[in-house]
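In: Here is a sequence with its predicted model. Questions after.
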Amino acid sequence: MTGEREQDVRALTYWQAISEATVQCMAADERVLVVGEGVDDFRGTYGTTKEAFQRFGPRRVVDVPNSENATAGIAVGAAVAGLRPVVVHTRADFLFLAMDALVNLAAKWRYMYGGDKGGAPVVTRGVVGRGWGQGATHSQSPHATFGHYAGLHVATPATPADAKGLLVAALTGDTPVVLIENRSLYSLEGEVPEAMTPVPFGVGRVARPGTDVTVVAASLMVHEALRAADQLATHGVSVEVVDVRSIRPLDDAIICESVARTGRLVVADTSWARYGFSAEVAAVVAENVPQALRAPVRRVTPPDCPSPVSWPLEEAFNAGATQIVRACLEVCEVSGPALPALEAVTAGFQGPY
Amino acid sequence: MTSDRTRLIREMVRIRVVEEVLADHYRDEQEMRTAIHFSIGQEATAVGVLAATSAQDWVYAAHRTHAPYLAKGGDLTALVAELYGREAGCSHGRGGSIHLIDQSVGFAGSGAILGEMISVAVGSGWAFALRGEARVALTFFGDGATEEGVFAESLNFAAVHRVPVVFVCENNLYSISSPLATRQPAGTSVRGRAEAAGVPAVAVDGNDVFAVHAAAQDAVRRCREGGGPALLELSTYRWREHVGPGWDHHHGYRSAQEIDEWVERCPIRRAVASVRAEEPGIDELVRQWEGESRDEISAAVAHARALPFPVVADLLDGAYAEVAR
């Protein structure tokens, strides 16, 4: 790294990176506006919209009524008319109230009017509040739900740099984008480029190279996988962690190349296994490199029930590094080492959430 | 003034003839493989309202699209080609009757899900206002759509932000086969709901094209001058079945007598009667316009049927900007 390059990168938290991307995009493009319930308040959406409001005021950082359904449609109409709205949901679960505009309108607009009339490039940020008693309807991660629909891009940034770069890509591209941010990552620090540089959709990264087993993960689970990999390394198991960064488009190649080398696949997700991100990754591998698999695929996900509130139940519900370690040992057919359980990444968090 | 009035009648005649001819082809050929919701009988709403707009103003329609599309000035050849699924259609055969568009005249789109385009129109109108443009967005929807939550949410947002949007409710008394009385409480109205949300509203006889036009001119002017949103509740009646080319009195949800009464109140016939004194030659003019429109739509149908279909190799084109056409 050159001296000049080093100056371009500094440590920011995940929320600071989102804030910086928002402010830079708004400064560069007057069409960008932030829309959401309470985006202008003293919390500023976990800090992510605070500086934007301070700099650009209520005309461009707009507090809106509690109307997720209409707001999503209004954002589509504004985007079609040339604006670049970012709609912010402090609880991603409310996105289910916005499904019609996102799935029936934003995703399909360009195609259903023939492909040459422009699209509806709305950007939707959904914050997932997993953990600390959030309960059944305040802790779901709906990325796979949106990942199902052609016409959308769906990203799950795991690092501050990607949180910035993927938001920049969303606001400088022509495709409607859903960004899912895990609340547990907001205080995470990492190197972030100062420049307004986009991170392209559909390009994953190898977060840690390894040779024995591939763990494909998204968002928070990338960090759980990295901690699992640390522990497994001390027991002679070399884990490669692939961070997909976006789930639609999905970087099939980076997944398949990794599994072709390691011969084993574990998929870790914060959402359920059935019809989910983990199912899609398993299908991609089964379709493309089935001969590479030396063991069955294992998926580390929450069990098939809604998220409970009570502490011990919630701890059991949320899969993390311990379950990833177990799955890796199983597919590597390494028996023996009774490894100590790892605390969740979110451990130490002070409520209320 | 006389010429304005006859222009409105001529536009209604054209849409009526176009739709009647299309309905016959639709039924007899089975070649227009797209769900069509004909506007026959309720032409005065689209014609009266959209004659009050300019090409810079945008209109979004719901599923009953042809009348608003044509009344806004949408290209007839591209409409017919779309219905026949041809590449030359306004949406290149990807949209069909429900997803029409003609951006050159401000027909901004139409959609099937009740109420969704109401919010989209609010968004486009909001964009106009944020940029300081003196443009107006309009949205057509039926009485059924006013039962959707998005209607209430959109009214509220438009009122709070003083969005230049005209909500046009074509109240034709039925949602498919469900009468209004089973869906909305007695003593309430769409107009009343709008007013309660802070959106000025008027109820107008939707089969009186001149009254509709006057009300729309007021609403559009008010929007353009920064006065905020307005709602028009226009009572009218759909003659044919909810979707498709046929008549449906035999299904029992409404009587042949009721349909006959509304046919008597035909918006074209009423408009012609009201101008006959000042325009004695109007009946002859209408016959002439009917003939011209029949020729025009027949030529458009023949033209469309000779056009090529989209090629299957282009199936994915347009799903993403990266594979735009």
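Out: Arrived safely, thanks for sending.
In: what does chain A put close to chain B?
Out: With Cβ under 8 Å from any Cβ of the partner chain as the criterion, chain A meets chain B at residues A:33, A:59, A:64-65, A:67, A:69-83, A:100-101, A:104-105, A:109-117, A:119, A:121, A:150-151, A:173-175. (Each C-beta comes from the backbone N, C-alpha and C, glycine too.)
In: Write the ChimeraX selection for whichever of these are buried.
Out: One line in ChimeraX is enough to select the buried members of these, burial here meaning 16 or more other Cβ atoms under 10 Å in any protein chain shown:
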select /A:33,64,67,69,70,71,72,73,74,75,76,77,78,79,80,81,83,100,101,104,105,109,110,111,112,113,114,115,117,119,121,151,173,175
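In: Does whichever residue of the stretch 101-250 of chain A sits closest to chain B belong to a helix, a strand or coil?
Out: Nearest residue of the stretch 101-250 of chain A to chain B, counting by Cβ to the nearest Cβ: residue A:115, 2.1 Å away. The three-state label given to residue A:115 by DSSP: H, G, I helix; E, B strand; the rest coil is coil.
In: Now it. Its backbone dihedrals?
Out: Phi and psi for residue A:115, reported as degrees, to the nearest 10, are phi 90, psi -10.
In: for residue A:193, phi and psi?
Out: The phi and psi values for residue A:193, taken as degrees, to the nearest 10, are phi -60, psi 140.
In: Quick check: it touching residue A:161?
Out: Yes. Under the criterion of Cβ atoms under 8 Å, residue A:193 makes contact with residue A:161 at 6.7 Å.
In: before we move on, back to that, not counting sequence-adjacent ones, nearest residue to the residue of the stretch 101-250 of chain A closest to chain B?
Out: residue B:318 (2.1 Å; Cβ to Cβ, 6 or more residues apart in numbering or on different chains).
In: I'd assumed residue A:110 was in contact with the one you found.
Out: Yes. Counting by Cβ under 8 Å, residue A:110 is a contact partner of residue B:318 at 5.3 Å.
In: What's the local residue count around the closest residue to chain A within the stretch 151-300 of chain B?
Out: At 3.3 Å from chain A, residue B:153 is the closest residue in the stretch 151-300 of chain B, using Cβ to the nearest Cβ. When neighbours are defined as other Cβ atoms under 10 Å in any protein chain shown, residue B:153 has 27 of them.
In: So the residue of the stretch 101-250 of chain A closest to chain B sits against residue B:89, correct?
Out: No. Residue A:115 is beyond contact range of residue B:89, at 12.0 Å (criterion: Cβ under 8 Å).
In: What pLDDT does the model give residue A:307?
Out: Among the per-residue scores, residue A:307 shows a pLDDT of 95.
In: residues contacting it?
Out: By Cβ atoms under 8 Å, 6 or more residues apart in numbering or on different chains, the residues touching residue A:307 are A:130, A:134-136, A:139-140, A:314, A:317-318.
In: With neighbour count, pLDDT and secondary structure added, can I get these in TSV?
Out: Shown next, in TSV, are the contacts of residue A:307 (neighbours: other Cβ atoms under 10 Å in any protein chain shown; pLDDT from 0 to 100; DSSP: H, G, I helix; E, B strand; the rest coil):
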residue	neighbour count	pLDDT	secondary structure
A:130	26	80	coil
A:134	19	87	coil
A:135	16	91	coil
A:136	12	93	coil
A:139	27	90	coil
A:140	25	93	coil
A:314	19	93	helix
A:317	18	95	helix
A:318	22	93	coil
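In: between those, which is closest to residue B:138?
Out: For the contacts of residue A:307, the minimum distance to residue B:138 (Cβ to Cβ) is 37.4 Å, reached by residue A:140.
In: isn't the closest one right next to residue A:276, touching?
Out: No. Contact between residue A:140 and residue A:276 fails when scored by Cβ under 8 Å: they sit 11.3 Å apart.
In: Check which helix or strand the residue nearest to residue A:85 when sequence neighbours are not counted maps to.
Out: In space, and not counting its chain neighbours, residue A:85 is closest to residue A:75: 4.3 Å by Cβ to Cβ, 6+ apart. Using DSSP states H and E, residue A:75 sits in helix A:68-80.
In: again with residue A:34
Out: In the assignment (DSSP H and E), residue A:34 maps to strand A:32-36.
In: what's the angle from that strand to helix A:68-80?
Out: Using axes from the mean of the first three to the mean of the last three Cα atoms, to 10 degrees, the inter-axis angle of strand A:32-36 relative to helix A:68-80 is 170 degrees.
In: which outside residues touch strand A:32-36?
Out: Surrounding strand A:32-36, the residues in contact under the criterion Cβ under 8 Å, 6+ apart are A:22, A:25-26, A:45, A:49, A:52-53, A:59-64, A:71, A:74-75, A:78, A:83-90, A:125, A:171, B:130.
In: Then stretch A:203-217?
Out: By Cβ under 8 Å, 6+ apart, stretch A:203-217 touches A:158, A:222, A:224-226, A:228-229, A:237-246, A:250-251, A:254-255, A:258-259, A:261-262, A:264-269, A:281, A:324, A:328, A:331-332.
In: Now the element after the lowest-mean-pLDDT helix or strand in chain A, going C-ward?
Out: Scoring the helices and strands of chain A by mean pLDDT, DSSP states H and E places helix A:3-8 at the bottom, with a mean of 60. Downstream of helix A:3-8, the first helix or strand assigned by DSSP H and E is strand A:9-13.
In: Buried residues of that following strand, list them for me.
Out: So, applying 16+ other Cβ under 10 Å, buried residues of strand A:9-13: A:12-13.
In: Partner strands of it and their direction?
Out: Sheet pairing of strand A:9-13 (DSSP bridges) gives strand A:189-193 (antiparallel).
In: and the next helix or strand after the partner strand, which strands flank it?
Out: Heading C-terminal from strand A:189-193, the first helix or strand you meet, by DSSP H and E, is strand A:205-208. Partner strands and pairing direction for strand A:205-208 (DSSP bridges) are strand A:239-243 (antiparallel).
In: From the chain's centroid, how far away is the helix holding residue A:75?
Out: Remark: helix A:68-80 is offset 22 Å from the chain centroid, using Cα atoms, centre = their mean, to the nearest Å.
In: Please apply the same query to stretch B:295-306.
Out: In terms of Cα atoms, centre = their mean, the centre of stretch B:295-306 is set 22 Å apart from its chain centre.
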